[in-house]
Structure formats: C-alpha cells, structure tokens
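Undergrad: Need coordinates for the following:
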Amino acid sequence: ETLPELYAYAARVAGTVGTMMTLVMGQRTPEIVARACDLGVAMQLTNIARDVGEDARAGRLYLPLEWLRDAGIDPDAWLAKPEFTGEISGIVQRLLDTADALYGRATLGIRNLPRACRPGIYAARALYAEIGRELERGGLDSVSRRAVVSNDRKLKVLARTLFSLGTEWAPARRLAPMAQLDETRFLIEAVAKTPMHHRAPEVRSNPIEDRVVWVIDLFARLEQRDRLQRAASVR
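TA: Alright, predicted model coming up:
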C-alpha cells in the first residue's frame, strides 16, 4: 500500500542478501550492514521499476498503491488492463529517485569494505543503477518494453567505475551514524546480536580487471537465464 511497506518487502527479498554478503566479507559494523541493506533495497526498487509491465501481465503489482491513487489511477482497473501513461511515468521516476537516494547512501558503506571486495560491489551497484538510466532514456516506459543495458553500455559503465576506483583506495574509516531504514533495522540488530563463531574467509586479492570481467560475465549469464525463463513462461 505504501512506500514503507514496499521497503519492508524489499528488505526481506534483497536487503537480506546485502546483509549476508557483509558477513561473508567479515563486516559486522551496524553502519556498514545498514548501507548493505540500502544497496539491496535499491536494487529491488530498480527491478520493480524495470518490470512494471511484465509483472502486471503476470497479475503482480509492486508499485505503492497509494502512489497510484494519488495519481488518479485505480490499481485494480490498471492491473486488469496495464498501459503506459504520463501518470505511470511519474510513478516510475519517483521510484527510481527513491532507489538513487539509497544507492548514494550505499556508496559510503562500499568505501569501508575490504579493498579486495570493493571493485565487485561498486560494479554491481553501477550496473544496477544504470538500469534506471536506461529507463529514463526510454521515456520511463517499463509497461510496453523492458529496459536492457547493452553489453557496450555495461563496458562503458564498468570502465568508468574502474577509473573512479583510483580515488577509493583510502584506508577504511569508521562510518559516522546516519539514517537507517526502519524496515531493515531487524537485520542490522540480528547481526549485532549474533556472535561470530568462525573467522570470515580471507578474500584473495586478484587484479581488478579479473574481478570486473567476472562481474560482466555474471550479469550476462543472469540476463540469459531471465530470457530463457521468460520464453519458457510464454510457451
């Protein structure tokens, strides 16, 4: 119904992933875990903005119903006959703006991860945020089309990310307390209350180029899997 309720959903399907990744990387500081949750939620909001039409045709609607009603749209009627309108465009942009604010907060946490972990997480963040930019280039129509970031665009984004990492190798510093999503607080508190029984595995320091290539390959394989699943559902 509301954005906080959407946050609560996203915290469970994506914020949990960010939390687990911080543990794998040996990070338990509440501020870092909070930023990892922000990144997971931001990615989920991007997914929702990208898949509005695809979800609607499958009978699913993740846009806050409150936003739809405020824009003069009856959610049930729209779900029965989804179509792209200026009002839907505004709602998609609003969701992307919300995600971008969380991506910005997440960046502060990435800077405090172990150095060997930063390139991959920066790359994932940049590639997901680029989906939003692709949506904007397409007029925010995620009802009649699905925004796909081309491989050429991915390479440009990753090259830009790799270049910017030159300024991100400063030693990690403790993050100052800042806002947390109330809906992810249960994850942050769970990490703080759970003792670390085993030492986190050390991350091998491979050349940055190797990690970027791995991220490119990962996203290509995920997209191929998505296309196969969509084709299978149509059949």
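
Undergrad: Which residues are in contact with the most centrally placed residue in the chain?
TA: Nearest to the mean C-alpha position of the chain, counting by C-alpha atoms, centre = their mean, stands residue 43 at 1.2 Å. For residue 43, the contacting residues are 14, 99, 124, 128, by C-beta atoms under 8 Å, 6 or more residues apart in numbering. All C-beta spots, glycine's among them, are computed from the backbone N, C-alpha and C.

Undergrad: let's see 10 Å
TA: 10, 14-15, 17-18, 99, 102-103, 106, 124-125, 127-129, 131 (C-beta atoms under 10 Å, 6 or more residues apart in numbering).

Undergrad: From these, keep the buried residues only.
TA: 10, 14-15, 18, 99, 102-103, 106, 124-125, 127-129, 131 (16 or more other C-beta atoms under 10 Å).

Undergrad: coming back round to it: list just the nearest of the contacts of residue 43 to residue 144.
TA: Set against residue 144, the nearest of these by C-beta to C-beta is residue 131 (16.7 Å).

Undergrad: how close does the residue nearest to the centre of the chain get to residue 17?
TA: Computed as C-beta to C-beta, to the nearest Å, the residue 43 to residue 17 distance reads 9 Å.

Undergrad: tell me what the helix or strand harbouring residue 108 is packed against?
TA: Per DSSP states H and E: residue 108 is located in helix 86-110. Applying 3 or more C-beta pairs under 10 Å, 6 or more residues apart in numbering; DSSP states H and E, one finds that helix 86-110 contacts helix 3-10, helix 16-24, helix 30-50, helix 52-57, helix 65-70, helix 118-137.

Undergrad: if you compare those helices, which one is most tucked away?
TA: Mean neighbours per residue, mean count of other C-beta atoms under 10 Å, is largest over the helices and strands packed on helix 86-110 for helix 30-50, with a mean of 25.

Undergrad: Give me the mean pLDDT for that helix.
TA: Taken as a whole, helix 30-50 carries a mean pLDDT of 94.

Undergrad: Same check on stretch 79-89?
TA: If you average the pLDDT values across stretch 79-89, you get 96.

Undergrad: Report the residue spans of this structure with pLDDT below the cut-off.
TA: Residues of the chain that meet the criterion pLDDT under 70 lie in 163-178, 196-224, 226-227, 229-231, 233-235.

Undergrad: can we see that at 90?
TA: Counting by pLDDT under 90, the ranges of the chain that qualify are 17-18, 20-29, 107-125, 127, 145-180, 192-235.

Undergrad: Please name every helix or strand in contact with the strand or helix carrying residue 76.
TA: Taking DSSP H and E as the criterion, residue 76 maps to helix 75-80. Here helix 75-80 touches helix 52-57, helix 65-70, going by 3+ C-beta pairs under 10 Å, 6+ apart.

Undergrad: Give me the distance from it to the chain's centre.
TA: Taking C-alpha atoms, centre = their mean, to the nearest Å, one finds the center of helix 75-80 at 26 Å from the center of the full chain.

Undergrad: List the contacts of that helix.
TA: By C-beta under 10 Å, 6+ apart, helix 75-80 touches 1, 55-57, 59-61, 63-69, 71, 73-74, 85, 87-88, 143.

Undergrad: now with 7 Å?
TA: Applying C-beta atoms under 7 Å, 6 or more residues apart in numbering, the external contacts of helix 75-80 come out as 56, 61, 65, 68.

Undergrad: Which one of those residues is nearest to residue 94?
TA: Once C-beta to C-beta is applied, the member of the contacts of helix 75-80 that ends up nearest residue 94 is residue 68, at 11.0 Å.
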